[in-house]
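Chemist: When you get a sec, could you give me coordinates for this:
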Amino acid sequence: AFHVPRDCFCAMGIDLKAGGRKPNSNRTAPKSKNPYLLLLVKLYRFLARRTNAPFNKVVLKRLFMSRANRPTVALSRLARSMEGKEDKIAVVVSSVTDDVRLLKVPKMSICALRFTEMARARITKAGGECITFDQLALRAPTGSNTVLLRGARNAREAVRHFGGAPGTHHVAPYIRSKGRKFEKARGRRASRGYRPRRQQTSFAIDGVLWKKKKQTNGSVVGPG
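Modeler: Next up, the predicted model:
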């Protein structure tokens with residue numbers, strides 16, 4: 001019989017399942033073809049490589065993200081987050097939007113990918129400034145004296161439906177409408193519209209249990 005030395009098994013590979021190893025699914029570049037975004041990626045890829053600041057690595061990673069993972073930030077959130085930090089620059093790797101509930105906008109320096117028209121007007125009117133990321137790279141190449149902020153990523157209505165199977169996790173079901181008539185167990189309990197009264201099929205007379213015969217005339221048979 002052919003004998004295989006034990007040392008030969010040390011050089012053998014491992015048994016991979018169909019499909020091979022799972023590759024790294026993190027983004028290494030944005031999906032967008034926006035030339036201005038691609039230039040910012042090129043700039044911060046250089047800063048992340050040549051500087052030792054984690055700030056540039058975080059900004060580069062957020063530039064890769066999809067728009068769903070880069071939620072907008074309202075002026076009210078920026079005003080709350082920048083209280084007592086008026087000398088710092090707020091950095092938002094997404095859009096900055098206006099909030100009509102905020103009556104007075106404080107003076108702030110904000111760096112963002114995009115500003116809505118009203119948000120930019122209110123910031124500049126309050127004495128603040130709206131700068132771009134290439135201007136930020138000249139002012140703070142390592143992210144010093146900045147405050148990195150982002151919006152609520154799980155505030156979308158669609159996130160309510162994410163999770164495991166119904167019953168295993170508390171997730172909102174996909175229903176046509178949320179009302180009295182839609183998936184409320186109507187007809188099964190009185191607190192949800194109505195519950196039909198069950199027909200009595202047996203009764204007791206002088207301690208003897210009698211049963212109704214299952215006929216249309218409703219005749220009564222002897223004790224059950």
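
Chemist: mind saving the C-alpha coords of the lengthiest strand in the chain as PDB?
Modeler: Ranked by number of residues, the top strand in the chain under DSSP state E is strand 89-97. Provided in PDB are the C-alpha atoms of strand 89-97 (Å, rounded to 0.1, in the frame of the first residue of the first chain):
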ATOM      1  CA  ILE A  89     -15.300  74.300  13.000                       C
ATOM      2  CA  ALA A  90     -18.300  71.900  12.700                       C
ATOM      3  CA  VAL A  91     -17.600  69.300  10.100                       C
ATOM      4  CA  VAL A  92     -20.500  67.400   8.400                       C
ATOM      5  CA  VAL A  93     -19.800  64.900   5.600                       C
ATOM      6  CA  SER A  94     -23.300  65.400   4.200                       C
ATOM      7  CA  SER A  95     -25.800  68.200   3.600                       C
ATOM      8  CA  VAL A  96     -26.800  70.900   6.000                       C
ATOM      9  CA  THR A  97     -30.500  71.900   5.900                       C
END
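
Chemist: now what about that strand, what contacts it?
Modeler: For strand 89-97, contacts defined as Cβ atoms under 8 Å, 6 or more residues apart in numbering pick out 59, 62-63, 65, 70-75, 78, 81-82, 108-116, 119, 123, 130-131, 136, 139-140, 143, 145-151. Every C-beta, even on glycine, is put in place using the N, C-alpha and C of the backbone.

Chemist: Could you pick out the buried ones from those residues?
Modeler: For the contacts of strand 89-97, a burial check counting by 16 or more other Cβ atoms under 10 Å picks out 59, 62-63, 65, 70-75, 78, 82, 108-113, 115, 119, 123, 130-131, 136, 140, 143, 146-151.

Chemist: so what pLDDT did residue 4 get?
Modeler: According to the prediction, residue 4 has pLDDT 59.

Chemist: Oops, could you answer that again for residue 107 instead?
Modeler: pLDDT, residue 107: 97.

Chemist: What count of nearby residues applies to it?
Modeler: By other Cβ atoms under 10 Å, the residues close to residue 107 number 11.

Chemist: what residue lies at the spatial centre of this protein?
Modeler: The chain has residue 154 as the residue nearest its centroid, 3.0 Å off, counting by Cα atoms, centre = their mean.

Chemist: Among the contacts of strand 89-97, which ones are in helices?
Modeler: Among those, the ones falling in helices (DSSP state H) are 59, 62, 63, 75, 78, 81, 119, 123, 136, 139.

Chemist: you'd agree the second one is up against residue 71?
Modeler: No - counting by Cβ atoms under 8 Å, residue 62 sits too far from residue 71 to count as a contact (11.2 Å).

Chemist: Need the residues touching each of these two.
Modeler: Joint contacts of residue 62 and residue 71 (Cβ under 8 Å, 6+ apart) are 94, 150.

Chemist: Next up, the contacts around the residue nearest to the centre of the chain.
Modeler: Applying Cβ under 8 Å, 6+ apart, no residues qualify as near residue 154.

Chemist: phi, psi of residue 53?
Modeler: Dihedral pair for residue 53: phi -90, psi 130, per degrees, to the nearest 10.
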